[in-house]
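**Student:** this one's structure only:
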């Protein structure tokens, strides 16, 4: 029997409790052991094993071998790889309707292809946790009716994206993590992503019993998704609200996205006990969504870069020097039309990264009466959809992606 190397500690992706692998609970298999003190009568009992069979499997109190594991606090199931592979937690944040879910679906779909980063492998660690992203992927990229328009759903404030569990101080609701195993060379990581509804990041929207954004307290990088077409100054340059809204932009939305970034930073400081003068403990990557709509008014260089990305390898992350030029061009665009967002990013993280992308590559259409957005799957051509995520991971794990990490490039 082969030996297993365990991580020194686990951060539960459901409730963010940190504990050692030896404390992990197992999920009973015997039907007579149905009923758990934390999850209720419908779930199998969780227990700390004291007996094991010859193959090293935990035995429940009735002697049934068990292989499924759970958190010591919330008792929600954990993928077995979590005890062996170090975690990299990345928070994806943004205002309502900014395009977070489309970015994650397009990014995960393209990352599976192997065309995004040379030598990188990307696998689902738990398909039951990743189910909504997989469904959106299927409707946009694997549709059996590619000529039939598909609806682009908005992230809900409750429902399937969230899990509830009992605790000593009541019932908690937390977001479902999305877990992926990533590998490059000999390096392996468990990538843990969170996609909350944008409303959860508005000031005053989080309660003690619904800590839906508390992953900010343990994340290694922050991807802040911005939709420039929600800003009136950009809207005017693009022909007005009606024109922008008709092409899937946020022309009907009125909100200051820089305030959402400030609120996210404030929550990080509260959760980690940082003072207002302490630097944030991670890199901020600003993902500029829907670049196919606004790049033509930003600069010829940015527009040319996106036109060049329309080929077969449009999902590939550009080279480091291209990302640097695109960052500079995007900075000039924000300085002209969204200066308060640029100033906020600089104040919070002087080393922030700007990465434009398009999750669809072509404007969707809006239903009559201002309803939801639709697009034919056969028309979807994402451009650099995984670039913001890869850049964020490179900042958290610079040795894994040295060609995209500014820290690694400076060190060399």
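**Tutor:** Yep, that arrived. Just so it is clear, the model here is predicted, and its values are computed rather than measured.
**Student:** give me the neighbour count for residue 214.
**Tutor:** For residue 214, the count of nearby residues is 17 (other C-beta atoms under 10 Å). (Each C-beta comes from the backbone N, C-alpha and C, glycine too.)
**Student:** measure it to residue 366 for me?
**Tutor:** Residue 214 is 34 Å from residue 366, where distance means C-beta to C-beta, to the nearest Å.
**Student:** then residue 199?
**Tutor:** 21 Å.
**Student:** the more surrounded of the two?
**Tutor:** When residue 199 and residue 366 are compared for neighbours, residue 366 comes out ahead with 18 against 15, by other C-beta under 10 Å.
**Student:** what pairs with residue 65 across the strands?
**Tutor:** Taking DSSP bridges as the rule, residue 65 bridges to residue 59.
**Student:** what score does the nearest residue to residue 384 once chain neighbours are set aside have for pLDDT?
**Tutor:** Of all residues not flanking residue 384 in the chain, residue 357 sits nearest, at 4.5 Å (C-beta to C-beta, 6 or more residues apart in numbering). We have a pLDDT of 94 for residue 357.
**Student:** what segments of the stretch 101-250 of the chain are strands?
**Tutor:** Applying DSSP state E, counting those that start in this stretch to the stretch 101-250 of the chain gives strands spanning 120-124, 150-152, 162-167, 170-175, 178-184, 187-195, 221-226.
**Student:** what pLDDT, on average, does the fourth one get?
**Tutor:** Strand 170-175 shows a mean pLDDT of 75 in the predicted model.
**Student:** next one: the third one
**Tutor:** Along strand 162-167, the predicted confidence averages to a pLDDT of 74.
**Student:** who touches it?
**Tutor:** 14-15, 37-40, 73-76, 171-176, 212 (C-beta atoms under 8 Å, 6 or more residues apart in numbering).
**Student:** check which residues of it are buried.
**Tutor:** 162, 163, 165 (16 or more other C-beta atoms under 10 Å).
**Student:** in space, what's closest to the last one - neighbours in sequence excluded?
**Tutor:** The spatially closest residue to residue 165, leaving aside those adjacent along the chain, is residue 74, at 4.3 Å (C-beta to C-beta, 6+ apart).
**Student:** what residues does the longest helix along the chain touch?
**Tutor:** As assigned by DSSP state H, the longest helix anywhere in the chain is helix 320-337. Outside helix 320-337, the residues that touch it by C-beta under 8 Å, 6+ apart are 228, 231, 233-234, 237, 288, 294, 298-299, 301-302, 305, 317-318, 341-342, 353-356, 387, 391, 403-404, 409.
**Student:** one more: stretch 32-52?
**Tutor:** Contacts for stretch 32-52 (C-beta under 8 Å, 6+ apart): 23, 25-29, 58-63, 66, 70, 73-76, 165-167.
**Student:** picking that back up, count the residues that sit near the residue nearest to residue 165.
**Tutor:** Using other C-beta under 10 Å, the number of residues around residue 74 comes to 24.
**Student:** quick one, what contacts it?
**Tutor:** Residues near residue 74 by C-beta under 8 Å, 6+ apart: 12, 14, 15, 17, 38, 163, 165, 167, 172, 174.
**Student:** go with 10 Å
**Tutor:** By C-beta atoms under 10 Å, 6 or more residues apart in numbering, the contact list for residue 74 reads 12, 14-17, 25, 38-39, 46, 163-167, 172, 174.
**Student:** gap between it and residue 275?
**Tutor:** Separation of residue 74 from residue 275 (C-beta to C-beta) stands at 30 Å.
**Student:** now do residue 377
**Tutor:** Taking C-beta to C-beta, one finds residue 377 at 49 Å from residue 275.
**Student:** comparing those two, which residue is more hemmed in?
**Tutor:** Taking other C-beta under 10 Å, residue 377 and residue 275 do not tie; residue 377 has more neighbours (18 against 6).
**Student:** isn't the more buried one up against residue 146?
**Tutor:** Yes - between residue 377 and residue 146 there is a contact at 4.4 Å, judged by C-beta atoms under 10 Å.
**Student:** and for the residue nearest to residue 384, the neighbour number?
**Tutor:** Look at residue 357: counted by other C-beta under 10 Å, it has 28 neighbours.
**Student:** doesn't residue 287 make contact with it?
**Tutor:** Yes - using C-beta under 10 Å, residue 357 makes contact with residue 287 at a distance of 6.0 Å.
**Student:** touching both of these two, which residues are there?
**Tutor:** Overlap of the contact sets of residue 357 and residue 287 (by C-beta under 10 Å, 6+ apart) consists of 99, 103, 107, 225, 384, 385, 387, 388, 389.
**Student:** who's in contact with the closest residue to the fourth one other than its chain neighbours?
**Tutor:** Just to be clear, that refers to residue 225. Setting aside the residues directly before and after it, residue 225 is nearest to residue 94 in space (C-beta to C-beta, 6+ apart), at 3.5 Å. Contacts for residue 94 (C-beta under 10 Å, 6+ apart) come out as 100-101, 103, 155, 195-198, 201, 223-227, 257, 260-261, 264, 286-287, 289.
**Student:** are any of those buried, and which?
**Tutor:** Buried, going by 16+ other C-beta under 10 Å: 100-101, 103, 155, 195-198, 201, 223-227, 257, 260-261, 264, 286-287, 289, out of those.
**Student:** of those, which belong to helices?
**Tutor:** Counting by DSSP H, these place 100, 101, 103, 257, 260, 261, 264 in helices.
**Student:** closest to residue 132 out of the residues you listed?
**Tutor:** Ranking these by separation from residue 132, with C-beta to C-beta as the measure, puts residue 101 on top at 8.1 Å.
**Student:** which parts of this structure are helices?
**Tutor:** Ranges of helices in the chain, per DSSP H, are 100-112, 131-141, 232-237, 241-246, 257-272, 291-298, 300-308, 320-337, 339-348, 387-396, 406-411.
**Student:** relative to residue 190, which of these is closest?
**Tutor:** Proximity to residue 190 (C-beta to C-beta) singles out helix 387-396 among the helices of the chain, at 11.8 Å.
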